[in-house]
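> got a sequence here, can you build the structure:
(chains A, B and C)
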Amino acid sequence: MVETQIIKISIRDFSIHFDDITALKGLNLDIYRNEIFTIIGPANSGKSSLLQSLNRLNDLTPSYKKTGTILIDDQDIDSVDVESLRTRVSIVFALPFPLPLSIFDNIAYGPRMHGIKNKSKLIEIVEKGLREAYLWDEVKDRLDIPAMNLSGGQQQRLCIARILAVEPEIIMFDEPTSGLDPISTARVEETLRILKEHYTIILVTNNVAQAARVGDRTAFLLMGEMVELNETKRIFTMAQDKRTDDYLTGKFG
Amino acid sequence: MNVQVKQKIAFSILFFCTLLVIIPVLVILVIIFAKGISAINISFLTEMPTNGMTAGGIFPAILGTLYLVLGAILFAVPLGVLSAIYLVEYSRENILSRIVKLAIVNLAGVPSVVYGLFGLGIFVLFLGFGASILSGSLTLGIMILPVIITASREALESVPKSFRIVSLSLGASKWQTIRHSVLPHALPGILTGTILGLGRAAGETAPILFTVAAFYLPKLPTSLFDQTMALPYHLYVISTQVPGIPENIRYGTALVLLLLVLLLNLAAIILRYQFRKRKKW
Amino acid sequence: MDMRARIRKIKEFIIERMIFLSAILSIIIVALIFAFLLKEGLSIFWRVPLSDFLFARNWYPISDPPQFGILPLILGSILVTAGAGIISIPIGIASALFIAEIAPRKTKEVMKAGIELLAAIPSVVIGFIGMITLGPLIKTMFNLSTGLTALSGSITLAFMAMPTIVSIAEDAITAVPRQYREAAIAMGATKWQTTWRIVAYAARPGMLAAVMLGIGRVIGETMAVMMVTGNAALIPHSFLQPVRTLTATIAAEMGETVQGGEHYAALFAIGIVLFIITFLINGAADIYLNKTKK
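Numbering: from 1, shown residues only, chains lettered A, B, ... in the order given. Take a look at the predicted model:
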């Protein structure tokens, strides 16, 4: 591991409530730049809620309340313009959500919203995004077909390309391969490894084997609390907390 | 009587009742068509009435209806769509949104003659527009506002939430999301609602009684502040107040109005069906 | 934030203000309608106390001195509405049940379209047909001096209420969760028993709302009523008499009034009465409709 890691995201005493339900209790952790930070845990542990707080998507939910702070590059995310925050912190969901547009228009959507109108610039951005998501070769001749015609795995890579087109700094993956076949899953995991060179990756997964394969550090969340956080190798070989051990060995899930 | 027989009887009664509701549409169509078709020809539709309405064409009434309906749509569609956008995209579950929804429900239920009184009070008199196309259009526009709002709301609500989430998570603003990821997909439903509103506005008499309608105008309207003839009012007067009008002209007028309204509604129904089939998601 | 983004933000702020204002507009319009009705109509109550207005038995607005009791008009409206209700409610509910539960899918679509078209027919056209066909029919059937009666009005208006009742009731019936039907069938009930005892029972609030909205439509109907009920502003004693409704009175007499005069104000006052009645009915129906959505 690199000795001096730069902290990208700093989460301090962060709690999430939806009306009376507490989704996250007093979370404290740092995420470093250019690492793949994995979050594992059973359902309803607060993993997805955490992600959606990082890009303030939770603000859309009327019952959402939070306490504590999240700093990105030492800036409180509440003090930043939410639209530029969401450009810097993007998210890939479990199910691919292509917009009902062509492949090209899907990828160009983000840049267009940010004011880029020049056709050749857009073409450049679209190609770059598709290449980085390892989808370019498969679709380069048919950028005008509806994105919904692609297979599940291709659609998921399309969603990744769509995000890359807005040049984020942090990419969050919320169980991105849960709906995919093993080959597509392997492709996505390979993409993650390559992406971490330029981006900070947060990966939420129910699949502990995936976390073991891909994560640099892993945090285990259980019912809203972080039970343990360590380098992935260490968590999987010598977990400190019994609950972590039980989860990893499948005693509950 | 055993259960199966009871069921057969019950179902037959229900079927019969349904027929009772639907058959009149056909009966009305047939009667009006049969008795009115003889009056319909190009000159009937394009010429001015002559001889105290007992002969000639009904062009001014057709034109007047078109003006009024166009004005109503120009007023009601932008306001209605924006209101619907508020209700679906911006409002939260609070007192204000409940009052807005209650207001819309009530507007939908106000009797058409009360709209006529309102139009008289505010547009003709208070604002001084007089009995005019302007007053009539505005009154009709307010009357069809609930129709447009309801149809637009449904159209907006049927757009999948995921479109909004994707757009927002790519850093688009709320309005950009509405404008580019929601509204385009709601347009078919909004269009359908607009056509239904058109049909409704074209057929209403009471709101235009006091606000614009005239029976015998020697020349066509040239400005917003002119009065005009209109099909529904024309039909009313020639069937109740003017003796000596040939039967087929009465039926012919009814036929023109009926066809106009039914064709608009049929178009809306077909459009709605087509859009549902072709939805890309 | 660069210039372009700043301009965009200002544009969006303005647009969002307009959206908010448009929504408020509905509330403003309702308030304005009530306000203008009051403005033009309130003055009649300096001349005629409210209880006289509502309950006095004589509506002779152009006699000397004029009398402004709207009881005959209220009774006329009630009679015609009740008659329309008696006809349209059972038939409407029955059709709604048929279309929602029994009709095969293709037929269902056609029938629903047919009902929508019936709803779309302008009231003046329905009045025209009613006047020409029903009037003479009732005249000969009952041997009357005129066929334009409350009965004719009721029948004609029933056809205007039925589409509203059918479509809203049909929505409510379709909204009954599938589990109810499946549970009943699993217990051995026939389709009819399921439909009548379980589904219709569960859809009661929505069906009630449908009826209320249909009745609301009938009360507010003007043109068809004017053409078919005979327009005699006398207290009715039977269905076979001509009557006058609140709505028809306004439409028929407004042309004869002097702006600002008593008759004029009295007509606006009738408008106030109508507005309040339909406000209450629609409000109640909305409450019931929200009950079904829960």
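> spit out the contact partners of C:A209.
C:168, C:172, C:285-286, C:288-289, C:292 (CB atoms under 8 Å, 6 or more residues apart in numbering or on different chains). Using the backbone N, CA and C atoms, a C-beta is placed for each residue, glycine as well.
> quick one: which of those sit in helices?
C:168, C:172, C:285-286, C:288-289, C:292 (DSSP state H).
> would you point out the most distant pair within those?
C:A172 and C:D286 (13.3 Å; CB to CB).
> on that earlier part again, and of the contacts of C:A209, the nearest to B:G57?
The nearest one, if we look at these relative to B:G57 and count by CB to CB, is C:I168, at 40.3 Å.
> that closest one touches C:I215, doesn't it?
No: C:I168 is beyond contact range of C:I215, at 11.8 Å (criterion: CB atoms under 8 Å).
> check which residues of whichever helix or strand C:V166 is part of are buried.
Using DSSP states H and E, C:V166 sits within helix C:150-174. For helix C:150-174, burial by neighbour count (16 or more other CB atoms under 10 Å in any protein chain shown) applies to C:150-173.
> so which residue is smack in the middle of chain A?
A:M172 (1.2 Å; CA atoms, centre = their mean).
> again with chain C
Closest-to-mean residue, chain C, CA atoms, centre = their mean: C:R217 / 1.1 Å.
> isn't there a strand covering that residue?
No: under DSSP: H, G, I helix; E, B strand; the rest coil, C:R217 sits outside any strand and is assigned helix.
> nearest residue to it other than its sequence neighbours?
Once flanking residues are discounted, C:R217 sits nearest to C:T164: 5.2 Å by CB to CB, 6 or more residues apart in numbering or on different chains.
> if I look at the one you found, how far off is chain B?
10 Å (CB to the nearest CB, to the nearest Å).
> residues in contact with that residue?
Applying CB under 8 Å, 6+ apart, the residues contacting C:T164 are C:119, C:210, C:213-214, C:217.
> next, count neighbours for the closest residue to chain B within the stretch 1-150 of chain C.
Nearest residue of the stretch 1-150 of chain C to chain B, counting by CB to the nearest CB: C:P122, 2.8 Å away. Burial of C:P122 is recorded as 25 neighbouring residues (other CB atoms under 10 Å in any protein chain shown).
> chain neighbours aside, what residue packs nearest to it?
Going by CB to CB, 6+ apart, C:P122 has B:G203 as its nearest residue, at 2.8 Å.
> checking residue 43 next. Helix, strand or coil?
Defaulting to chain A. Assignment for A:A43 (three-state DSSP): coil.
> which parts of stretch C:78-90 are buried?
For stretch C:78-90, by 16+ other CB under 10 Å, it's C:78-81, C:83-85, C:87-89.
> returning to that earlier point: ok, the residue nearest to the centre of chain C - contacts?
So C:R217 contacts B:109, C:160-161, C:164 (CB under 8 Å, 6+ apart).
> now do it against chain A, distance only.
36 Å.
> partner residues bridging the residue nearest to the centre of chain A?
A:I91, A:I202 (DSSP bridges).
> just the pLDDT for it.
We note a pLDDT of 95 for A:M172 in this prediction.
> not counting its neighbours along the chain, what's nearest the closest residue to chain C within the stretch 51-200 of chain B?
As assessed by CB to the nearest CB, chain C sits closest to B:P111 within the stretch 51-200 of chain B, at 2.9 Å. Residue nearest to B:P111 in three dimensions, not counting chain neighbours: C:G220, with 2.9 Å by CB to CB, 6+ apart.
> which residues are in contact with A:F173?
Counting by CB under 8 Å, 6+ apart, A:F173 makes contact with A:91-92, A:192, A:201-205.
> run the last query once more with 7 Å
Residues near A:F173 by CB atoms under 7 Å, 6 or more residues apart in numbering or on different chains: A:92, A:201-204.
> same check, this time on B:Y115
B:139, B:142-143, B:207.
> what's the closest non-adjacent residue to it?
Using CB to CB, 6+ apart, the closest residue to B:Y115 is B:P207 (4.4 Å).
> residues contacting the helix or strand hosting the one you found, please?
Under DSSP H and E, the secondary-structure element containing B:P207 is helix B:206-209. Contact with helix B:206-209 is made by B:68, B:112-113, B:115-116, B:119, B:136, B:139-140, B:143, B:230, B:233, C:222-223, C:251, as judged by CB under 7 Å, 6+ apart.
> where does the residue of chain A found nearest chain C land in three-state SS?
Residue of chain A nearest chain C, by CB to the nearest CB: A:G115 (5.2 Å). Classification of A:G115 using three-state DSSP returns coil.
> helix or strand for the closest residue to it other than its chain neighbours, just tell me which one.
What sits nearest to A:G115 in space, not counting adjacent residues and going by CB to CB, 6+ apart, is C:R4, at 5.2 Å. For C:R4, the enclosing helix or strand under DSSP H and E is helix C:3-41.
> repeat for C:V225
Per DSSP H and E: helix C:223-228 holds C:V225.
> helix or strand right after that helix?
Next element after helix C:223-228 (DSSP H and E): helix C:246-253.
> any idea how many residues pack against residue 237?
By default, I'm working from chain A. 11.
> not quite, go with chain B.
For B:V237, using other CB under 10 Å, the count is 20.
> that one belongs to a strand?
No: counting by three-state DSSP, B:V237 is not found in a strand; it is helix.
> ok, back up a step: elements contacting the helix holding C:V225?
Counting contacts by 3 or more CB pairs under 7 Å, 6 or more residues apart in numbering or on different chains; DSSP states H and E, helix C:223-228 packs against helix C:123-129, helix C:150-174, helix C:246-253.
> just send those back as TSV, with mean pLDDT too.
Output for these, formatted as TSV (pLDDT from 0 to 100):
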stretch	mean pLDDT
helix C:123-129	93
helix C:150-174	91
helix C:246-253	93
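> of all those, which lies closest to B:S181?
Short answer: helix C:150-174, nearest of the helices and strands packed on helix C:223-228 by CB to CB, at 28.5 Å.
> tell me what angle that closest one forms with helix C:246-253.
Angle of helix C:150-174 versus helix C:246-253, following axes from the mean of the first three to the mean of the last three CA atoms, to 10 degrees, is 130 degrees.
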